[in-house]
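Student: Got a sequence here, can you build the structure:
(2 chains)
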Amino acid sequence: MNSKVLRVARNEYLNTVRTKAFIISVIVMPLFMGGSVVVQAFLHDRKDLTDRRVAVVDRTGRLFERLATAADGRNDKAIWSEEGAVREQTDARWLLESASDDEAALSDRVRADELFAYVIIPPNVIEAPGKAAVAYHTNTPTYEGLPRWLGNLLNEEIRRERFAAANLDQDTVERLVLRVPLRKFGLVEMTAEGVVKEAEEVNEIANFAVPLGAMMLLFLLVMMAGPMLLNNVLEEKMQRISEVLISSVSPFELFLGKLVGTVFVSWTLAVLYLGGVAFLAHRFEFAHLIPGSLYLWFAFFHLAALFIFGSIFSGLGAACSELRDAQAMMMPAMVIVMIPMFTWVAVIQAPDSTFSTALSLFPPATPFIMLVRLAVPPGPAAWEIIAAVVLTIAFSVACVWAASRIFRVGVLSQGQAPSFRKLFGWIFAD
Amino acid sequence: MTAVRLEGITKSFGSHRAVDALSLRVAKGSIYGFIGPNGSGKTTTLRMILNIIRPDSGSVEVLGETRSRAANDRVGYLPEERGLYRKMTVRRVASYYAGLKGMPRREARAETDVWLKRLELADWADRKVETLSKGMQQKLQFISTVLSGPELVILDEPFSGLDPVNLEVLRDAILDLRSRGTTIIFSTHDMAKAEEMCDALCMIFRGRKVLDGTLAEIHAREGTDVIRVETAGGVAALQAIPGVSDVRDLGRAQELRYATDPQELLRALVDRGEVRRFEIARPSLHDIFLRIAGPEASEGAA
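Tutor: You can find the predicted model right below:
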């Protein structure tokens, strides 16, 4: 490559990776992602241990004692981390009391914080299946644990009553109605020696998390690189640095140098993040869920996406003279970048559908969507992969060419931002 | 020997003709001035010499090269508005710009230190550009322009925004470059500065060349019809004297043109009161410019 292009690229790279913003983005993003896990774990151990008192209006007259006994059992054992003197409370106590049937008074007690909730068990709840519901009244409907526990417990006790009334053995019935699990597998394969290789069980998490994670990382890297390049080009133009540079290098060399510099910046981030992913995959033994070829496809589509969107953003930055204009012109480009965000659910659920296939061969979306399809086994057909590669390369070259033409005119223009029509005119101008 | 040759170059932006059929020759090793008011087409012409923009018609030859950008590595350019990376250190900016001219990195670093020392910026070498004063930034921009040892240096308004001390430092550096054989083209609207430094110059007004040649040639052509006087009566003493025109009040003194014998004017002034000074002078570039361009040009020409 031309030495001037490399000099511009080197300068672009060093100017970016030495900024505080870059260093912060490198450190903060993993911290942000890892930190949320740590915070969740921390908060999990920091539950509110305030007693919750619940009044139960048992109109059946048969259930309260059993509920109270179960609650006492829970308060004595289930909410403590360990037995003995060093035991530590990990959850709130739920205290049940039998109450008279005065809903207005009970509501007032809830409002006065004497009660956390009250429950009305209708009289026919045992004898009339499907016709009666237990009512749980509270001022704090987002507190999920207590009503869930209460609901499960009530159903268990009511079922017990119903089985006894029908004179059936509950254990036998429950064993008979036990669900048969359905497990998902891939296809069996025949080895070269004619041995049938058993099909592997589908890992739901891997099939969802790996393609989504790969696409999100690619999206994130492109979103960091594109607008950054636009800002750099615009800043150099506004500060008249471009004019000095253009006296030494051709506009194309400048454009390409900045693009290549940005590619290296983005690669640096990718290596750091993918390296982190590979390390964690190895450390926590899920490396087998990420095929090695996916790293290579990621590298290819990452490069292609940078050339496509880097060119577009760079051209737009050169065409504008003010940040406000650049932000306005950036919007259509952002919509294109966002296509995968709007469609990834449909693509992961049906990677071989006509919609997914067509979208993965629409060049601006190809790097993201084809990466998703490649990450979901068994992957797209060979002709689709070849078509995607050819189309992506051709579109990248076209973007670089068109953007460099816009850059050539735009970088020295001043004043109002051009219309899109004028931009197209610049592409084909002499 | 010609460093730059322009033949009938024309450049329009939309309906505005910025440069109109301009031809000129810049001799090697000379200081050549581009003078004219703001917006007269100076910067556009310089950009065409640098091949940053192409003329609509006409030809440009720079250091013997007619191919686009072929000579650019041998040409240094200081633009009118400073173009420096604010977040980079002084040393890195200078080395980077020299590197873009093809100068090896190690050589660029060594030469940077020499120039920083010479223009009294050595103490700021590792500071960020944004910490420099305007004058210092201007000196850094100049260093970045000449660091790679170009044969031709193009300076667009190099003295704007400089205090008198830095102005002298820069002027000496330019004169030193010339003494080492470098061709220098600089544009300015400060005609006094052009008159002081240039071997030859070209005056542009509304995109057209209105004056071209060495200073001696220009003065020979324009004659010596300017008279500077200092009288007790001031401007009032000059009124109603036949043959007096173009009176410029300089404060205590006045400058004017006189159509016939200056001795007659002297006698007329003595008749009107005390004459403290009477000097027959050559017209300044400013005067010549005003004569050529007319009064409508006076606003732009400082």
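
Student: how about the strands of the stretch 201-302 of chain B, start to end?
Tutor: For the stretch 201-302 of chain B, the strands defined by DSSP state E, counting those that start in this stretch cover B:208-214, B:226-231, B:244-249, B:254-258, B:275-281.

Student: Is it possible to get the ones you listed out as CSV so that each row also shows mean neighbour count?
Tutor: C-beta coordinates here come from the backbone N, C-alpha and C atoms, glycine included. Formatted as CSV, the strands of the stretch 201-302 of chain B follow (neighbours: other C-beta atoms under 10 Å in any protein chain shown):
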stretch, mean neighbour count
strand B:208-214, 17
strand B:226-231, 19
strand B:244-249, 14
strand B:254-258, 20
strand B:275-281, 13
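
Student: Any idea which of those gets closest to A:Val26?
Tutor: With C-beta to C-beta as the criterion, A:Val26 lies closest to strand B:208-214 of the strands of the stretch 201-302 of chain B, at 56.4 Å.

Student: what about B:Met103, how many residues close to it?
Tutor: Per other C-beta atoms under 10 Å in any protein chain shown, the neighbour tally for B:Met103 reads 19.

Student: For it, give me its contacts.
Tutor: By C-beta atoms under 8 Å, 6 or more residues apart in numbering or on different chains, the contact list for B:Met103 reads B:Glu111, B:Leu147, B:Ser148, B:Gly149.

Student: residues near A:Met216, how many?
Tutor: 14.

Student: now the host helix or strand of it, how far from the chain's geometric center?
Tutor: A:Met216 belongs to helix A:204-238 when assigned by DSSP states H and E. Centroid separation for helix A:204-238 versus its chain: 14 Å, with C-alpha atoms, centre = their mean, to the nearest Å.

Student: Can you name every helix or strand that the following helix or strand past it contacts?
Tutor: Per DSSP H and E, the first helix or strand lying C-terminal to helix A:204-238 is helix A:241-246. Helices and strands touching helix A:241-246, as assessed by 3 or more C-beta pairs under 8 Å, 6 or more residues apart in numbering or on different chains; DSSP states H and E, comprise helix A:204-238, helix A:251-283.

Student: just to revisit the earlier point, let's see which of the contacts of B:Met103 end up in helices.
Tutor: When DSSP state H defines the helices, the subset of these inside them is B:Glu111.

Student: wait, does stretch B:48-64 contact chain A?
Tutor: Yes: Stretch B:48-64 reaches chain A (C-beta under 8 Å from any C-beta of the partner chain) through B:Leu50, B:Ile52, B:Ile53.

Student: Around chain B, pick out the residues from the stretch 301-430 of chain A.
Tutor: Contact residues, the stretch 301-430 of chain A versus chain B (C-beta under 8 Å from any C-beta): A:Leu412.

Student: can you give me the helices for the stretch 301-430 of chain A?
Tutor: Secondary structure of the stretch 301-430 of chain A (DSSP state H, counting those that start in this stretch): helices at A:323-349, A:354-360, A:366-375, A:382-410, A:420-428.

Student: Quick check, pLDDT for the residue lying closest to B:Met203 once chain neighbours are set aside.
Tutor: Leaving out its chain neighbours, the residue that sits closest to B:Met203 by C-beta to C-beta, 6 or more residues apart in numbering or on different chains is B:Leu211, at 3.7 Å. Listed pLDDT for B:Leu211 reads 85.

Student: Report the contact partners of B:Leu211.
Tutor: Residues near B:Leu211 by C-beta under 8 Å, 6+ apart: B:Leu201, B:Cys202, B:Met203, B:Ile218, B:Ile288, B:Phe289, B:Ile292.

Student: Where helices are concerned, which of these count?
Tutor: Using DSSP H, the contacts of B:Leu211 in helices are B:Ile218, B:Ile288, B:Phe289, B:Ile292.

Student: Export the contacts of B:Met103 to TSV and append columns for distance to chain A, neighbour count and pLDDT.
Tutor: Shown next, in TSV, are the contacts of B:Met103 (distance: C-beta to the nearest C-beta, whole Å; neighbours: other C-beta atoms under 10 Å in any protein chain shown; pLDDT from 0 to 100):
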residue	distance to chain A	neighbour count	pLDDT
B:Glu111	16	19	90
B:Leu147	12	23	92
B:Ser148	9	22	90
B:Gly149	14	16	90
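
Student: A:Asn139: which of the contacts of B:Met103 is nearest?
Tutor: A:Asn139 has its nearest neighbour among the contacts of B:Met103 in B:Leu147, at 75.4 Å by C-beta to C-beta.

Student: what stretches of chain A score poorly on pLDDT?
Tutor: Across chain A, residues meeting the criterion (pLDDT under 70) sit at A:1, A:29-30, A:32-38, A:40-46, A:83-85, A:430.

Student: any idea how far A:Ser81 lies from A:Thr90?
Tutor: Going from A:Ser81 to A:Thr90 by C-beta to C-beta, to the nearest Å gives 5 Å.

Student: between those two, who's got more neighbours?
Tutor: Ranked by neighbour count (other C-beta under 10 Å), A:Ser81 and A:Thr90 place A:Thr90 first, with 14 against 11.

Student: circling back: how about the helices and strands packed on helix A:241-246 in CSV, adding distance to chain B?
Tutor: CSV is the format used below for these (distance: least, C-beta to the nearest C-beta, whole Å):
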stretch, distance to chain B
helix A:204-238, 8
helix A:251-283, 9
